[in-house]
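Engineer: Just to be clear, the model below is a prediction. Sequence and coordinates:
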Amino acid sequence: TRMAAILLTAALLAACLGPAAAHAGLAHLRDDVTHIMAGAQLPPRPRLILTDARVADIKSFIANNTQAAGYYRSLLAQGEWLLGVPPFYVHTENHTNDLGGARQVLQRVYATGLLYRLTGNATWAARCSLELLNAVKWHDWCLDQDALVTGELQHTVAVGIDWLDGYWADGHAADRQTIVDGLVQLGLAAMRVGFTPPYKPWANNGTFINTTNNYGEVVNGGTIIAAVGLLGEAAAPPWVFDFVLPSAFRNLVGSFEQFGPDGDGSWYEGPNYHLYVLRYAAPLIWSLRTALGTDYGLLDFAGVSTTAEAEVYHLSPQYTFWDWADSEELPETTAAGLAFAGEFREAGVAYFLRKMIEEVYVPPNTTGNPSMNAPVGLIYFTEIGTAADRASMALDRFFAGRNLVMMFSSHSDINATFVAAKGGENGYNVHLHQDMGSWIFHSHGQRLIAEMGHDSYALDCYFCPPLRWRYYRLNAFGHNTITFNNKTHDWPAAAFVTQFNSTGTGPALRNADAWVVINMAPMYASLGLRRWDRGFVYYADRSSLLIVDEIDAGPGGAQNLTWAAHANATVSQSGAGNITVSVDGVAVSLAVLPSLTNCPGWQLSAVPVNLAPPQYPSTGFVRMQIAVPTAATCSRIVVAVGPQPPAVALNAIADWATSGPLQ
């Protein structure tokens, strides 16, 4: 019977989430589902993310808060632009792999659906309905080609059905039923096949079965939103609730556990994928809360409470990312972080994110598809946080779960210096790079020492480690680290932060403002490296950075080494040991400190990076490198980066923990 199916659903949900996800809200799930299906009243629609009460709050923000009013002007301009272009087209061919198209539909539905809820104007609902009708006319949602398409479209269509409540009753019930049927057949029925053992290869290869990556969140989260959105629908098949819903919950847990093994909130696939996960985690959690009254403990997973903070620490004062792994400097939708910042009262984080939306995404881009930042920024808008809250945030942060360190000279100065360095691992996840030991230097609005970001996902075997290490941007040669024997890093391998010290903590810092040490020797275990410690010292009132490499190559196979750093800049070399790096009028010196460097025969040079198609162009990138002919006689390399980095006397890294780096 249907009641038996619902009771089974509750039991399966409890078992599926299991001890690794034991949390307070889970115990209430059985009673909640049982009561609803036994006839307990569901909340009125809208009940996915938005409610009538939240819509009233958003209207009040728009009327009384200048930032929210700016977001609304952006949203309205996007909606007006949409009225002048056709709905997104219908895919009629088999196995359509159009993730970009799915996201356009999502953006259009969010923009027009939210405008309808805020204004009551049926023009917006009619346009939103057209987008939904076209989406359910696709031949398929491509689960066996790219499950993200299915996950995102399920989320989109479920939200659209819910947000247009009121419009459907005004002569559009048949359209609503068509859309509901399409959601079931193209989305949930496909997921039913995917969740059925024995698992198909396309379901069990890191997409949405037993996975820990972004797919686990986006695909399973979209499925849960769709199933919850159909609660109370007489036409919804029982298997949606007794099989698909619990299966999605079971396979969601692994991704939520990745918000920081040490509870630090960071994400292991890099900052762009962190944003991607947040913009689907937020609607999942808030849909459960608004429809069922609880998030079933998802907000209690370790790291979720600090995940918005972790994202903000990746951003420069100009809102550009430290783009490690498969990331890029310019972020996409950051507004979902407001949901978590507001929930956990992270005032400085909320202030920074609101300012970012205001300064980067308003006024809107009216010549292309809508940005998600305006609607999402309004949906999760919070007024908490001031400039003083932002300025008082810790200048330095160590995210131990991913071995990431970020250090700032200020959180209130637009010209502040931002430096970051990482350990981490280059394991089996397909978005990781061989970027252990890499670092950036950002000052006065310019990225002076840079990463090169990701390359084209269309490259042959881009997602196939170790074959992906053929590509310069992904291997160690394309990062700001050291390579031995003209060989990229070992794989798989991991480098761990062994020391982190920030102003006001630990021993006397003397002239050093902060420092970090990373054990890099595992990157070349195959060569028998005895020791390679990489230290970063932030000094001279946080204007300059020392990069200190102490090396014992041992009697193994390490023959030569090359130290490297990259810049998308104009560079000029003066003398044997100094290069000036300039970007748009901002310049720093990159200088080998010969009195502190003990590597006979070292040579500093700068060479352009020339990557052949079909790799992305590398125009403007320069590789600054220190070539050392004999690794066995090289014990220390010290490089200073800054506007005028002062001379220093340096302690051995082994003494930093007790005496600090500088004498």
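Structural biologist: Ah, there it is. Predicted model, so just to flag it, every value in this text is computed and none were measured. Numbering: from 1, shown residues only.
Engineer: just checking, G342 touches I384?
Structural biologist: Yes: using CB atoms under 8 Å, G342 is in contact with I384, at 6.4 Å. All C-beta atoms are positioned from the backbone trio N, CA, C, and that covers glycine.
Engineer: what stretches of the protein score poorly on pLDDT?
Structural biologist: 1-40, 94-97, 205-206, 363-370, 504-511 (pLDDT under 70).
Engineer: And the helices in the stretch 301-450 of the chain?
Structural biologist: Shown for the stretch 301-450 of the chain, the helices assigned by DSSP state H, counting those that start in this stretch span residues 307-312, 337-343, 347-360, 373-379, 387-391.
Engineer: Could you export those helices as a markdown table, including mean neighbour count?
Structural biologist: Compiled in a markdown table, the helices of the stretch 301-450 of the chain are given as follows (neighbours: other CB atoms under 10 Å):
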| stretch | mean neighbour count |
| --- | --- |
| helix 307-312 | 26 |
| helix 337-343 | 25 |
| helix 347-360 | 22 |
| helix 373-379 | 27 |
| helix 387-391 | 15 |
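Engineer: and A125, which of the ones you listed is closest to it?
Structural biologist: Of all the helices of the stretch 301-450 of the chain, it is helix 373-379 that lies closest to A125, at 14.9 Å by CB to CB.
Engineer: re earlier: need the residues touching each of G342 and I384.
Structural biologist: A350 (CB atoms under 8 Å, 6 or more residues apart in numbering).
Engineer: Run through the bridge partners of the nearest residue to A576 once chain neighbours are set aside.
Structural biologist: Leaving aside its chain neighbours, A576 sits nearest to L604 (6.5 Å; criterion: CB to CB, 6 or more residues apart in numbering). Per DSSP bridges, the residues bridged to L604 are I626.
Engineer: contacting residues for L604?
Structural biologist: Taking CB under 8 Å, 6+ apart, we find L604 in contact with 573, 576-579, 592, 624-626.
Engineer: likewise W286?
Structural biologist: Residues in contact with W286 (CB under 8 Å, 6+ apart) are 49, 295, 339, 380.
Engineer: ok, it to R47 distance?
Structural biologist: W286 is 11 Å from R47, where distance means CB to CB, to the nearest Å.
Engineer: about what we covered before: which among the helices of the stretch 301-450 of the chain is found nearest to A632?
Structural biologist: Using CB to CB, the nearest of those to A632 is helix 307-312, at 40.4 Å.
Engineer: got a list of contacts for that closest one?
Structural biologist: Helix 307-312 is contacted by residues 259-260, 264-267, 271, 274-275, 278, 303, 334, 337-341, 344, 346, 349, 352-353, 397, 399 when judged by CB under 8 Å, 6+ apart.
Engineer: ditto for stretch 470-479
Structural biologist: For stretch 470-479, contacts defined as CB under 8 Å, 6+ apart pick out 433-438, 451-455, 459, 461-462, 468-469, 483, 488-489, 523, 564, 566, 609, 611, 615-616, 618.
Engineer: okay, now N121: neighbour count?
Structural biologist: Per other CB atoms under 10 Å, the neighbour tally for N121 reads 12.
Engineer: swap in D140?
Structural biologist: Residues near D140, counting by other CB under 10 Å, number 17.
Engineer: which stretches of the stretch 551-663 of the chain form helices?
Structural biologist: Ranges of helices in the stretch 551-663 of the chain, per DSSP H, counting those that start in this stretch, are 656-659.
Engineer: Give me the phi and psi for F256.
Structural biologist: Note on F256: its backbone torsions stand at phi -70, psi -30 [degrees, to the nearest 10].
Engineer: ok, now which ones touch it?
Structural biologist: By CB under 8 Å, 6+ apart, the contact set of F256 is 21, 217, 281, 298, 301, 304.
Engineer: for I357, same thing?
Structural biologist: Residues near I357 by CB under 8 Å, 6+ apart: 67, 71, 334-335, 373-374, 377.
Engineer: And the helices of the stretch 301-450 of the chain: which comes nearest A657?
Structural biologist: helix 307-312 (25.6 Å).
Engineer: S74 versus W81, what's the distance?
Structural biologist: 11 Å.
Engineer: likewise P613?
Structural biologist: Counting by CB to CB, the separation of P613 from S74 is 37 Å.
Engineer: Among the two, which residue is more densely surrounded?
Structural biologist: Comparing P613 with S74 by other CB under 10 Å, the one with more neighbours is S74, at 26 against 7.
Engineer: Now do the phi/psi pair for that one.
Structural biologist: According to degrees, to the nearest 10, S74 has phi -60, psi -50.
Engineer: cool, L231 as well?
Structural biologist: According to degrees, to the nearest 10, the main-chain angles of L231 amount to phi -60, psi 130.
Engineer: So it is in contact with P43, correct?
Structural biologist: No: with contact defined as CB under 8 Å, L231 does not count as touching P43 (10.3 Å).
Engineer: Mind listing the shared neighbours of those two?
Structural biologist: Contacts common to L231 and P43, judged by CB under 8 Å, 6+ apart, are A291.
Engineer: Neighbour count: those two, which is higher?
Structural biologist: Neighbours were counted for L231 and for P43 using other CB under 10 Å; L231 has more, 18 against 12.
Engineer: and the gap between the more buried one and L288?
Structural biologist: 11 Å.
Engineer: residues near P629, how many?
Structural biologist: So P629, with other CB under 10 Å, has 14 neighbours.
Engineer: does R73 belong to a helix or a strand, and which?
Structural biologist: Element membership for R73 (DSSP states H and E) is helix 66-83.
Engineer: and whatever helix or strand comes next after that helix, how far from the chain's centre?
Structural biologist: For helix 66-83, the succeeding helix or strand toward the C-terminus, using DSSP H and E, is helix 99-119. Helix 99-119 has its C-alpha centroid displaced from the chain centroid by 22 Å (CA atoms, centre = their mean, to the nearest Å).
Engineer: cool, and stretch 119-136?
Structural biologist: Distance, stretch centre to chain centre, for stretch 119-136: 30 Å (CA atoms, centre = their mean).
Engineer: List the buried residues in it.
Structural biologist: Neighbour-count burial for stretch 119-136 flags 124-136 (criterion: 16 or more other CB atoms under 10 Å).
Engineer: OK, contacts around the spatially most central residue of the chain?
Structural biologist: Centre of the chain computed as the mean C-alpha position; nearest residue by CA atoms, centre = their mean is H274, 1.8 Å away. For H274, the contacting residues are 266-267, 307, 310-311, 314, by CB under 8 Å, 6+ apart.
Engineer: hang on, it in a helix?
Structural biologist: Yes: counting by DSSP: H, G, I helix; E, B strand; the rest coil, H274 is located in a helix.
Engineer: ok, it to F243 distance?
Structural biologist: Distance of H274 to F243, given as CB to CB: 31 Å.
Engineer: Next, the buried residues of stretch 137-144.
Structural biologist: Residues 138, 140-144 are the ones in stretch 137-144 that count as buried (16+ other CB under 10 Å).
Engineer: Need these in TSV (columns: secondary structure and distance to H479).
Structural biologist: Converted to TSV, the buried residues of stretch 137-144 look like this (DSSP: H, G, I helix; E, B strand; the rest coil; distance: CB to CB, whole Å):
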residue	secondary structure	distance to H479
W138	coil	40
D140	coil	39
W141	coil	37
C142	coil	34
L143	coil	35
D144	coil	35
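Engineer: From those, pick the one nearest D170.
Structural biologist: W138 (26.3 Å).
Engineer: Spatially nearest residue to that closest one (excluding sequence neighbours)?
Structural biologist: By the measure of CB to CB, 6+ apart, the closest residue to W138 outside its immediate chain neighbours is H91, 4.4 Å from it.
Engineer: my guess is that neighbour contacts W141, does it?
Structural biologist: No: between H91 and W141 there is no contact under CB under 8 Å: 9.2 Å.
Engineer: thinking again about what came up before, between all of the contacts of I357, which two are separated the most?
Structural biologist: Spatially, the most separated pair among the contacts of I357 is Q67 and T334, at 14.1 Å (CB to CB).
Engineer: Between these two, which has more neighbouring residues?
Structural biologist: T334 (26 against 18).
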